[in-house]
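Visitor: predicted model and sequence follow; I will ask about them next.
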Amino acid sequence: TANFEFPLITKAGVRLDVLLNATTRRDEQGNVIGVVGIGQDITGRLAQEREYTRLIDTANAPIFGVDTNGRVNVWNQCAM
């Protein structure tokens, strides 16, 4: 099983970002006979992630993230 992110252009010329989860199909001898995949439109999610990153990077206040062990693992320029 593998995951791939890639752009897809629709017939109308619209770009979509797609997450494809794919795995091989095998016969009784273990030979690959095909692929089964599921694609998901992640265009909106990626746009939200970019906006979130932009807001954090341009904030006028220190913003930082802490992992489950209490260690700071993400911060913006104001937190430095």
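Guide: Sure thing, it's come through. Source: prediction; values computed, not measured.

Visitor: any idea where the strands of this protein begin and end?
Guide: For the chain, applying DSSP state E gives strands covering 2-9, 15-26, 32-41, 64-66, 72-75.

Visitor: in CSV, list those strands along with distance to Arg50, mean pLDDT and mean neighbour count.
Guide: For every residue, glycine as well, the C-beta is placed using N, CA and C. CSV is the format used below for those (distance: least, CB to CB, whole Å; pLDDT from 0 to 100; neighbours: other CB atoms under 10 Å):
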stretch, distance to Arg50, mean pLDDT, mean neighbour count
strand 2-9, 14, 95, 10
strand 15-26, 11, 96, 13
strand 32-41, 16, 96, 11
strand 64-66, 17, 90, 12
strand 72-75, 15, 88, 11
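
Visitor: of all those, which lies closest to Ala47?
Guide: Evaluated with CB to CB, the strands of the chain place strand 15-26 nearest to Ala47, the distance being 8.6 Å.

Visitor: nearest to Asp57, out of the strands of the chain?
Guide: For the strands of the chain, proximity to Asp57 was assessed by CB to CB; strand 72-75 is nearest, at 10.3 Å.

Visitor: list of residues touching the closest one?
Guide: Counting by CB atoms under 8 Å, 6 or more residues apart in numbering, strand 72-75 makes contact with Pro62, Ile63, Phe64, Gly65, Val66, Asp67, all of which sit outside it.
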